[in-house]
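In: sequence plus predicted model, see below.
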Amino acid sequence: MFPFLEWLGMPSFANVLVYLFGESDEANKIVVSLFSLLLILFIFLIVLFPFRKYKKSS
């Protein structure tokens, strides 16, 4: 699937992080780790809450 996204011109997540935060050093690793953790948590919550409502209504 990833070669298809590259064919469409979509950058990889690693390229996006380098573009946003620059080359990695110790401070950037912490910021990128926190950013990634928040992104994963946000996606998890987007999936979890509708699933709970769906399960409750059944």
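Out: Arrived safely.
In: switch to C-alpha atoms for all contacts and neighbour counts from now on
Out: OK.
In: report the secondary structure element holding the spatially most central residue of the chain.
Out: Compute the mean C-alpha point of the chain, and by Cα atoms, centre = their mean the closest residue is Leu39, 4.8 Å away. Assigned by DSSP states H and E, Leu39 belongs to helix 26-57.
In: contacting residues around the one helix or strand in the chain whose mean pLDDT sits lowest?
Out: The weakest-scoring helix or strand in the chain, judged by mean pLDDT, DSSP states H and E, is helix 2-7 (a mean of 76). Applying Cα atoms under 8 Å, 6 or more residues apart in numbering, the contact partners of helix 2-7 are Pro11, Ser12.
In: is Phe21 in contact with Lys29, as I believe?
Out: No. Phe21 is not in contact with Lys29 according to Cα atoms under 8 Å; the separation is 9.2 Å.
In: which helices and strands does the helix holding Leu39 pack with?
Out: helix 13-21 (3 or more Cα pairs under 8 Å, 6 or more residues apart in numbering; DSSP states H and E).
In: pull the CA atoms of the helix it packs on into PDB?
Out: In PDB, the C-alpha atoms belonging to helix 13-21 read as follows (Å, rounded to 0.1, in the frame of the first residue of the first chain):
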ATOM      1  CA  PHE A  13       5.200   9.800   8.200                       C
ATOM      2  CA  ALA A  14       9.000   9.900   8.800                       C
ATOM      3  CA  ASN A  15       9.400  12.600   6.100                       C
ATOM      4  CA  VAL A  16       6.600  14.600   7.600                       C
ATOM      5  CA  LEU A  17       8.200  14.500  11.000                       C
ATOM      6  CA  VAL A  18      11.600  15.600   9.600                       C
ATOM      7  CA  TYR A  19       9.800  18.400   7.700                       C
ATOM      8  CA  LEU A  20       8.000  19.500  10.900                       C
ATOM      9  CA  PHE A  21      10.800  19.100  13.500                       C
END
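In: how far is that helix from where the chain is centred?
Out: 11 Å (Cα atoms, centre = their mean, to the nearest Å).
In: likewise for stretch 4-14?
Out: The answer for stretch 4-14 is 14 Å, by Cα atoms, centre = their mean.
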